[in-house]
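S.K.: Next comes the sequence, and after it the predicted model I'd like to discuss.
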Amino acid sequence: MTTESQRGGSGLTHITEPPGVAPGTGYTQVVTAAGRLVAVSGQVAFDEERRLVGEGDPRAQARQIFENLRRCLAAAGADFSHVVKLTYFLTDIAHLAAVREARDEALGDLPLPAGSAMQVGALFLPEVLIEIEAFAVVPE
């Protein structure tokens, strides 16, 4: 199944079910786009004063991370409609449900971007449970 993303004129094509590939759950298998690449470094749940939001709470951390991603994208002239790929780094894969909940709140009814999720042994601080990076393409 292929869908064209029309929202905001993003110019993205989402291929959710490429022939011969099992459908994904909670992400799109392939996203194509033409334009200016925006790469957002891994974001964690720090507020603007570098205080951790939601210590021990993956839902609160995920929500703060998506707010940080929104702000980073905006600084580059982009928004979530331009995101082609999200990569999740989790200290416990069980936190993926909280990440997807926060992602769905942030993206609303936008088509899901491509995605990867992995459990890691640790992030740079023991209190940090989740890190998320994003790639977006803004039409020229």
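M.R.: Sure, I can see it. The model shown is predicted, which means the values in this text are computed figures rather than measured ones.
S.K.: Summarise which helices and strands the helix or strand that residue 70 is a member of is packed against.
M.R.: Secondary structure from DSSP states H and E places residue 70 in helix 58-75. Here helix 58-75 is seen to pack against strand 36-43, helix 96-107, strand 130-138 when contacts are counted using 3 or more C-beta pairs under 8 Å, 6 or more residues apart in numbering; DSSP states H and E. C-beta coordinates here come from the backbone N, C-alpha and C atoms, glycine included.
S.K.: For the residue lying farthest from the centre of the chain, which residues are in contact?
M.R.: Distance to the chain centre peaks in the chain at residue 20, reaching 25.7 Å (criterion: C-alpha atoms, centre = their mean). Contact criterion C-beta atoms under 8 Å, 6 or more residues apart in numbering gives no residues in contact with residue 20.
S.K.: Tell me the secondary structure at the residue nearest the centre of the chain.
M.R.: Residue closest to the average C-alpha location in the chain (C-alpha atoms, centre = their mean): residue 86, at 3.6 Å. Under the three-state scheme (DSSP: H, G, I helix; E, B strand; the rest coil), the conformation of residue 86 reads as strand.
S.K.: beta partners for it?
M.R.: When bridges are called by DSSP bridges, residue 86 pairs up with residue 115, residue 134.
S.K.: And it, how close does it get to residue 71?
M.R.: As defined by C-beta to C-beta, to the nearest Å, residue 86 lies at a distance of 16 Å from residue 71.
S.K.: and if you look at residue 37?
M.R.: Counting by C-beta to C-beta, the separation of residue 37 from residue 71 is 18 Å.
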